[in-house]
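# Below is the sequence, then the predicted model.
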Amino acid sequence: MLGYDHYLNSWIELTNNLAIRISTNKYAIEDVKTINGKPFKLINIPVYAAGKVRSIIEDFG
């Protein structure tokens, strides 16, 4: 079975340079690269703020 990272890398390679992860971690923006070296921003959003995803993306872009 393929993991989250594999799917995320595939998605980023085919689309833009922004990804959202909703988790129990605190809010953070990370500069990361796919396994093929494509840079992208990963926005970590805490579960309690999941309802604000659209607003966060609009503020980011």
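Received, thanks.

# By mean pLDDT, point me to the weakest helix or strand of the protein.
Scoring the helices and strands of the chain by mean pLDDT, DSSP states H and E places helix 4-14 at the bottom, with a mean of 63.

# which is the next helix or strand following that helix?
Following helix 4-14 in sequence order, the next helix or strand is strand 18-23 (DSSP states H and E).

# Pairing partners for the helix or strand following that following strand, with directions?
Using DSSP H and E, the helix or strand that follows strand 18-23 in sequence is strand 28-33. Sheet pairing here is set by DSSP bridges, and for strand 28-33 it gives strand 39-46 (antiparallel).

# list the buried ones in the partner strand?
Judged by neighbour count (16 or more other Cβ atoms under 10 Å), strand 39-46 contains these buried residues: 40, 42-45. For every residue, glycine as well, the C-beta is placed using N, CA and C.

# Could you check how far residue 53 is from residue 25?
Separation of residue 53 from residue 25 (Cβ to Cβ, to the nearest Å) stands at 15 Å.

# what do you get for residue 58?
In terms of Cβ to Cβ, residue 58 sits 22 Å off from residue 25.

# more neighbours, the two?
residue 25 (11 against 8; other Cβ atoms under 10 Å).

# Grab the nearest non-local neighbour of that one.
Excluding the flanking residues, the one nearest residue 25 by Cβ to Cβ, 6 or more residues apart in numbering is residue 44, at 5.3 Å.

# ok, back up a step: now the buried residues of strand 39-46 as a markdown table including distance to residue 32 and pLDDT?
A markdown table is the format used below for these (distance: Cβ to Cβ, whole Å; pLDDT from 0 to 100):
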| residue | distance to residue 32 | pLDDT |
| --- | --- | --- |
| 40 | 6 | 87 |
| 42 | 5 | 89 |
| 43 | 11 | 90 |
| 44 | 11 | 92 |
| 45 | 15 | 92 |
